[in-house]
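Participant: Predicted model, plus sequence, below.
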Amino acid sequence: MNILTQYFNTKHNTAPFSQIKNEDYLPAIKKGIEIAKTEIDAIVNNPDAPTFENTIVAMEFTGDVLDRASSIFFNLNSAETSDEMQKIAQEISPLLSEFGNDVRLNAALFAKIKAVYDQKDSLDLSAEQATLLDKKYKSFSRNGANLSEDKKSKLREIDMQLSKSSLQFGENVLAETQAFQLHITNEKELSGLPEGTIEAAHLLAKSQNKNGWIYTLDHPSYIPFLTYADNRELRKKMAIAFGSKGFQNNEFDNQDIVLKIAKLRFDRAQLLGYKTHAHYVLEERMAQTPEQVISFLNDLLAKAKPAAQKEFEELSAFAKKLDGIDQLEKWDGAYYSEKLKQQLFNLDDEILKPYFQLEKVLEGAFTIAERLYGITFKEIFDIDKYHEEVRTFEVKNKSNELVAIFYADFFPRKGKRNGAWMTSFKSQYVLNNKNERPHISNVCNFTRPTETKPSLLTFNEVTTLFHEFGHGLHGILADTVYPSLSGTSVFWDFVELPSQIMENWCYEAEALSLFAHHYQTNELIPMELVQKIKESASFQEGMATMRQLSFGLLDMGWHGQDPTAISDVKTFEIEQFSATQLYPEVKENAMSTAFSHIFQGGYSSGYYSYKWAEVLDADAFAYFQEKGIFNVEVATKFKDNVLSKGGTEHPMLLYKRFRGQEPKPDALLKRAGLIK
């Protein structure tokens, strides 16, 4: 009996992780596909005339077993993978890709959906029902349902290759990340590094039965090294290793894979009648067209560039004066920025970290959610988890009803990919008059507790925790009827609004007073430090903006034109970065070969959305500031019109309902110090 194909007879129907074995996944996915196909056949063979209920709603609730099994598998493949799981992923991905195409290219099914779609104006549908119908129809028409048979089989072939290539891309990046270690045996080479990272590096060496200290390309190890290590040669070594992932002409090289993915995406878009992959993607985004995205990015670039160049000159002069550096290189940026920041603001992450104990920061995020949205988080110990370090919480409302289950997984380990993300194990939806509540997870990579210290966060990690928690709230507070419109199932350039707006509370004294207490003395963070955090928030914002814009423009470069003529990844990148480049080019490094957001994650033609959402979040938070950052009326409006609504209506409609107007970029430019 395969646990993954059964109803989970567990508390709140949570996933029974400890009972799932690796050998369960493939049979469960195959079984899930078989069940889903039977459910779809029943819709197609229904003799009654197609209606919204018997076709669109019936479609929406097919594939439950498959969805649960595949979400558990892919979530764990990111957070808790192994060689065996990666092999299984290579088998599962093509099956899912093929099944997806079997559904979308099913002519009889599409005919029924089209019959309902063609009479949509006479159906008297609610806004959510109308959106569902529109999305279902487009998921077919945008994926080849109107193509001839020979073109359909070409599309299947492209999709199969794409799913395999992006998996391979991710595995190569992970392999390259894990292959490099900087093993230090001379204590002098640790000069400048914070005690906490030295301790962590020593523990890692010890766990490998080695003397000394080991630094890796995992963010909690890599970022402090680049920021604090006095030894310029070692910083260079680390930076080049980090920047050359997938670009070393070895078995894990991603150059051909990048060219292949870009070309396949272009071919797919052309096959479907779109000019480029970006035209295809952006049809379903707030930004709508590549032209609009490029104009948005270039407009911000024009405003940020003078500030960025001035900041770069200041930083170069500072490094020259301090250490006689004639040419600032990429491995100098974080190091001298940190020193300059300390000089200007006397604000060092090491001074701040004792006030940001992970457990207290998490409690602070919970308290803020309670004050804004009236929900409470209580840790529970009677549901299963996939790793002993995961913490589990029940989220309840004021009436003590279950709102969600929340999983928190915070430390790096072998088999867990870098970065931070939110995901879900179960969506929210309403079925048979029962509001099924979601199971939401936040996964991050923060510094582990050591033998002498709890996990203490840098301020940057504090904002990361709040960011992912914002995505979490979007899932937790979901309140829609249909699972495919629930929670974070929104236009991609709207999905970062709930996450980015949460970061704003980290800069407010009133919010910090809830959780920023010294881990040893319980003393509240001094207000002058809070003031400095606020002042320093726009420190080098011009350079940071340029960096973000360079990634967005590179993404549009790969996807907003015909990539057929691109033969060399590095040459192409140099062209794309010409307008945003500040540092000298590093010949050993490439960005695209490890740009997982766009070649493995879902951000292709969408990287601009971080900046787009910053415009939204600055504008939205300005409203909170106007009325009070814990103003319940504004919070309720935000919850009712944004957080709970998912993708049930066009995001601009939802935003205007909350804000009373369209967003203006002024709040962002002001916050970034780019306009007065």
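Facilitator: Yep, that arrived.
Participant: check contacts around the residue most central in space within the chain.
Facilitator: With distances taken as CA atoms, centre = their mean, the residue of the chain nearest its centroid is Trp421 (4.9 Å). The contact partners of Trp421, taken as CB atoms under 8 Å, 6 or more residues apart in numbering, are 78, 442-443, 468, 471. Every residue, glycine included, has its C-beta placed from N, CA and C.
Participant: what's the lowest-pLDDT member of the residues you listed?
Facilitator: Here the lowest pLDDT out of those sits on Ser78, with 94.
Participant: so who does that residue touch?
Facilitator: Contacts for Ser78 (CB under 8 Å, 6+ apart) come out as 416-417, 421, 423, 443.
Participant: Now the element after the host helix or strand of it, going C-ward?
Facilitator: Per DSSP states H and E: Ser78 is located in helix 64-79. Once the chain leaves helix 64-79, the next helix or strand it forms, by DSSP H and E, is helix 83-104.
Participant: and that following helix, which residues are buried?
Facilitator: Across helix 83-104, burial judged by 16 or more other CB atoms under 10 Å covers 85-86, 88-89, 92-93, 95-97, 99-101, 103-104.
Participant: Averaged pLDDT, that helix. What do you get?
Facilitator: Mean predicted lDDT for helix 83-104 stands at 93.
Participant: Tell me which helix or strand in the chain has the weakest average pLDDT.
Facilitator: helix 666-671 (a mean of 86; mean pLDDT, DSSP states H and E).
Participant: which strands and helices sit next to it?
Facilitator: helix 609-627 (3 or more CB pairs under 8 Å, 6 or more residues apart in numbering; DSSP states H and E).
Participant: Could you list the alpha-carbon positions for stretch 199-206 in CSV?
Facilitator: Extracted C-alpha coordinates of stretch 199-206, given in CSV (Å, rounded to 0.1, in the frame of the first residue of the first chain):
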residue,chain,number,x,y,z
GLU,A,199,33.2,29.0,14.8
ALA,A,200,30.9,27.6,12.1
ALA,A,201,33.8,27.0,9.7
HIS,A,202,35.7,25.2,12.4
LEU,A,203,32.6,23.0,13.2
LEU,A,204,32.4,22.1,9.5
ALA,A,205,36.1,21.2,9.3
LYS,A,206,35.7,19.1,12.4
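Participant: Which strand residues bridge the residue nearest to the centre of the chain?
Facilitator: For Trp421, the beta-bridge assignment (DSSP bridges) gives partners Val443.
Participant: Compute the inter-axis angle for the helix holding Ser78 and helix 83-104.
Facilitator: Orientation note: helix 64-79 sits at an angle of 140 degrees relative to helix 83-104 (axes from the mean of the first three to the mean of the last three CA atoms, to 10 degrees).
Participant: Please identify the buried residues of helix 64-79?
Facilitator: 64-79.
Participant: swap in stretch 130-147?
Facilitator: Here stretch 130-147 shows 130-133, 135-137, 139-145, 147 as buried, counting by 16+ other CB under 10 Å.
Participant: now, which of those sits nearest Gln292?
Facilitator: Distance to Gln292, by CB to CB, is smallest for Arg142 among the buried residues of stretch 130-147, at 18.9 Å.
Participant: OK, contacts around the nearest residue in space to that closest one that is not next to it in sequence?
Facilitator: In space, and not counting its chain neighbours, Arg142 is closest to Leu272: 6.7 Å by CB to CB, 6 or more residues apart in numbering. Shown in contact with Leu272 (CB under 8 Å, 6+ apart): 142-144, 147, 155, 280.
Participant: Quick one: the helices in the stretch 201-350 of the chain, in order.
Facilitator: Counting by DSSP state H, counting those that start in this stretch, one finds helices in the stretch 201-350 of the chain at the ranges 219-228, 232-243, 255-271, 277-282, 290-323, 330-345, 349-352.
Participant: Nearest to Pro563, out of those?
Facilitator: helix 255-271 (4.1 Å).
Participant: Buried residues of the closest one, list them for me.
Facilitator: Applying 16+ other CB under 10 Å to helix 255-271 flags 255, 257-269 as buried.
Participant: Just give the number of residues close to His387.
Facilitator: 15 (other CB atoms under 10 Å).
Participant: and the two most separated of the contacts of Leu272?
Facilitator: Leu147 and Tyr280 (13.9 Å).
Participant: Give me the number of neighbouring residues for Lys534.
Facilitator: 12.
Participant: can you start the count at 718 instead of 1 from here on
Facilitator: Will do, 718 is the new start, and the previous item becomes Lys1251.
Participant: mind checking pLDDT for the nearest residue to it once chain neighbours are set aside?
Facilitator: Closest residue in space to Lys1251, ignoring its immediate chain neighbours: Tyr1224 at 5.3 Å, by CB to CB, 6+ apart. Here, the pLDDT recorded for Tyr1224 equals 93.
Participant: before we move on, what about Ala1254?
Facilitator: 87.
Participant: give me the number of residues near it?
Facilitator: The burial count for Ala1254: 17, using other CB under 10 Å.
Participant: dump the residue contacts of it.
Facilitator: 1224, 1388.
Participant: how about it, phi and psi?
Facilitator: Here is the backbone geometry of Ala1254 (degrees, to the nearest 10): phi -60, psi -30.
Participant: How much space separates it from Asp835?
Facilitator: 52 Å (CB to CB, to the nearest Å).
Participant: now Pro811
Facilitator: 34 Å.
Participant: ranges for the strands of this structure?
Facilitator: Using DSSP state E, the strands found in the chain span residues 898-901, 930-933, 1093-1097, 1108-1113, 1119-1126, 1138-1143, 1146-1148, 1151-1153, 1156-1160.
Participant: Against which helices or strands is the first one packed?
Facilitator: Judged by 3+ CB pairs under 8 Å, 6+ apart, the packing partners of strand 898-901 are strand 930-933, helix 949-960.
Participant: got the contact list for that strand?
Facilitator: If you take CB under 8 Å, 6+ apart as the criterion, strand 898-901 is touched by 907, 918, 922, 927, 929-933, 942, 951, 954-955, 958.
Participant: let's see 10 Å
Facilitator: 906-907, 910, 915, 918-919, 921-922, 925, 927-934, 938-939, 942, 946, 948, 951, 954-955, 958 (CB atoms under 10 Å, 6 or more residues apart in numbering).
Participant: Which members of those residues are classed as buried?
Facilitator: Buried among the contacts of strand 898-901 by 16+ other CB under 10 Å: 906-907, 910, 915, 918-919, 921-922, 930-934, 938-939, 942, 946, 948, 951, 954-955, 958.
Participant: With adjacent residues omitted, what lies nearest to Lys1143?
Facilitator: His1156 (4.1 Å).
Participant: In terms of pLDDT, where does that neighbour sit?
Facilitator: 98.
Participant: how many neighbours does it have?
Facilitator: Neighbour tally, His1156, other CB under 10 Å: 25.
Participant: cool, the one 3 residues further on as well?
Facilitator: Counted by other CB under 10 Å, the residues lying close to Asn1159 total 25.
Participant: show me the contacts for it.
Facilitator: 1079, 1082, 1108, 1123-1127, 1137-1140, 1181-1182, 1184-1189, 1192.
Participant: switch the cut-off to 6 Å
Facilitator: Asn1159 makes contact with 1125, 1139, 1185, 1189 under the criterion CB atoms under 6 Å, 6 or more residues apart in numbering.
Participant: The residues you listed: which two are farthest apart?
Facilitator: Ala1125 and Met1139 (10.6 Å).
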